[in-house]
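> Kindly generate the corresponding structure for this input.
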Amino acid sequence: MIKSSVELIMAGRRQRRRRWILVTGLLALLACILCCAMLLLGNTIYPVTEVIRALSGEQIPGASFAVNTIRLPRMLAGLFAGFAFGLAGSIFQTMLRNPLANPNVIGITTGSSAAAVFCIIVLQTIESVVSLASVMAGLATVMIIYLLSSRKPFSIGRLILVGIGIQAMLDAAISYLLLIGAQQDIPAALRWLSGSLNGSQMHELPPLMITVLICTPIIIVLGKQLSLLELGEQAATSLGVRTNTVRVILILSSVCMLAVATSVTGPIAFVAFLSGPIAKRLVGSGFSNALPAGLVGVNLVLGGDLIGQFAFETRFPVGVITGIVGAPYLIFLLIRMNRKGSL
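Next comes the predicted model:
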C-alpha cells in the first residue's frame, strides 16, 4: 500500500514535470516566432535570407538599416524588458501570496515613472540621465515601501496598502508635472509613460541585458525558498528559511530588473500583472512558474507590439495594447476576490 502511494506520488510529479517542460518549451518557441516576426515585418517585408545577411554584417541597401538600426533593437528591448516584467511580477505575487501584489499596483514602476517625467519636463535632461534617474527612483521607492511596512510581524496587507498609498502620491506628482510642463516636453513624457518600444537603440540595451542575465539565475536558485515562503512566515522559518534575507534578495533582484526595464521601455502596462497568473494556469502547481512567467511576459510584449503596429490603421504603443488586455482581467480579479472575501 505504501509502495503504491509512493508510486502514485512519483507518477504525479513526473506528469507535472512533463507538463512544465512542454509548456515552457512552447512558450519559448512562440517567443522565437515573435522575435523573427519583429525582424521580418515592417513598412517593407524582407525575405528571411536578406534579414540573415543583414544581421551577419553584409551591407544590403535598405535592409541593413531597417533590420540592424530599427528592428533588432526594438526586438531585443521587447525580449528582455518583457522577460524582466514577467519574471519580477511573478516573484512579487508568489512571495507576497497575493495577485494584487505586483509592481504596477504597489507603486514601484510609478516611482521610476515619476523620476523620468521630472527629468523630461523640469530638468530637460538627455535620455541617459532619464534612464539613470528612473532606475534610482525605482530602487528608492521599493526601499521606502519596505521600510514603512516592515514592522514585525511582517504583513502582506500592510505592504500592499503602503504601496498603493505611495503609488497614489506619485501619480498625483506625475499629473502635476504634466500640468506645469511646457507644451513641447509633454508629448515626450506621455510617450514614455505609455510604455513603448519605439525609438529603442542598441546603446541603451546592455544595462538591461546584463541585469536580466545576472538577476535571473539568482531568482531561479532561490526558487525552492520562494516556494516555502508561499507557506507563510512561520512555516518557512520553521523549515530553515532565512525569510528576511531571502525576501530582501528576491525583492532587490526583481526591482533591479523592473527599474532597468522601465528605464528602457517605460512602464508597459499590466505585463507584470498578467504574466504570473497566465503562467500558473498553463504550468499548474508543483514546479516554479518563474521562467514560464518571464516567457509569458516576452510573448505579451512582442505580441502586443506587433498588434499595435499592424492590426490598426493608427499605430499604438505596446503599453496601450497590454492595457486593453489587462484592465478587464484586473476588474475580473477584484470581483472574484471580493466574492471570496479576500478583499
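> so residue 19 is in which element?
helix 2-40 (DSSP states H and E).
> Quick check: the gap between the residue lying closest to residue 209 once chain neighbours are set aside and residue 302.
Distance criterion Cβ to Cβ, 6 or more residues apart in numbering; nearest residue to residue 209, sequence neighbours excluded, is residue 80 at 5.4 Å. Every residue, glycine included, has its C-beta placed from N, CA and C. Counting by Cβ to Cβ, to the nearest Å, the separation of residue 80 from residue 302 is 11 Å.
> Equivalent analysis for residue 49, please.
Distance of residue 49 to residue 302, computed by Cβ to Cβ: 22 Å.
> So the two - more neighbours on which side?
residue 302 (25 against 9; other Cβ atoms under 10 Å).
> List the contacts of residue 271.
Residues in contact with residue 271 (Cβ atoms under 8 Å, 6 or more residues apart in numbering) are 82, 85-86, 89, 297, 300-301, 322, 326.
> Can you give the contact residues for the helix or strand that the helix holding residue 19 is followed by?
Scanning forward in sequence from helix 2-40 by DSSP H and E, the next helix or strand is helix 48-55. Residues from elsewhere that reach helix 48-55, judged by Cβ under 8 Å, 6+ apart: 36, 39-40, 46, 60, 63-64, 67-68, 72.
> from the residues you listed, which single one is nearest residue 139?
Distance to residue 139 across the contacts of helix 48-55 (Cβ to Cβ) is lowest for residue 72, with 29.0 Å.
> number of nearby residues for that closest one?
Residue 72 has 20 nearby residues by other Cβ under 10 Å.
> check which helix or strand covers it.
Counting by DSSP H and E, residue 72 is found in helix 72-96.
> Please report how far the nearest residue to residue 38 once chain neighbours are set aside lies from residue 121.
What sits nearest to residue 38 in space, not counting adjacent residues and going by Cβ to Cβ, 6+ apart, is residue 75, at 3.9 Å. As judged by Cβ to Cβ, residue 75 and residue 121 stand 30 Å apart.
> Can you go through the contacts of helix 48-55 and name the buried ones?
Among the contacts of helix 48-55, those classed as buried by 16 or more other Cβ atoms under 10 Å are 39-40, 46, 60, 63-64, 67-68, 72.
> so what's residue 330 up against?
270, 273.
> how near is it to residue 272?
Residue 330 sits at a distance of 12 Å from residue 272 (criterion: Cβ to Cβ).
> Check residue 62 too.
Relative to residue 272, and taking Cβ to Cβ, residue 62 is found at 37 Å.
> what's the answer for residue 16, then?
When distance is defined by Cβ to Cβ, residue 16 is 25 Å away from residue 272.
> So between these two, which is more surrounded?
Higher neighbour count among residue 16 and residue 272: residue 272, with 35 against 15, using other Cβ under 10 Å.
> How about the contacts made by the closest residue to that one other than its chain neighbours?
Closest residue to residue 272 apart from its sequence neighbours, by Cβ to Cβ, 6+ apart: residue 89 at 2.8 Å. By Cβ under 8 Å, 6+ apart, residue 89 lies in contact with 102-104, 271-276, 293, 297.
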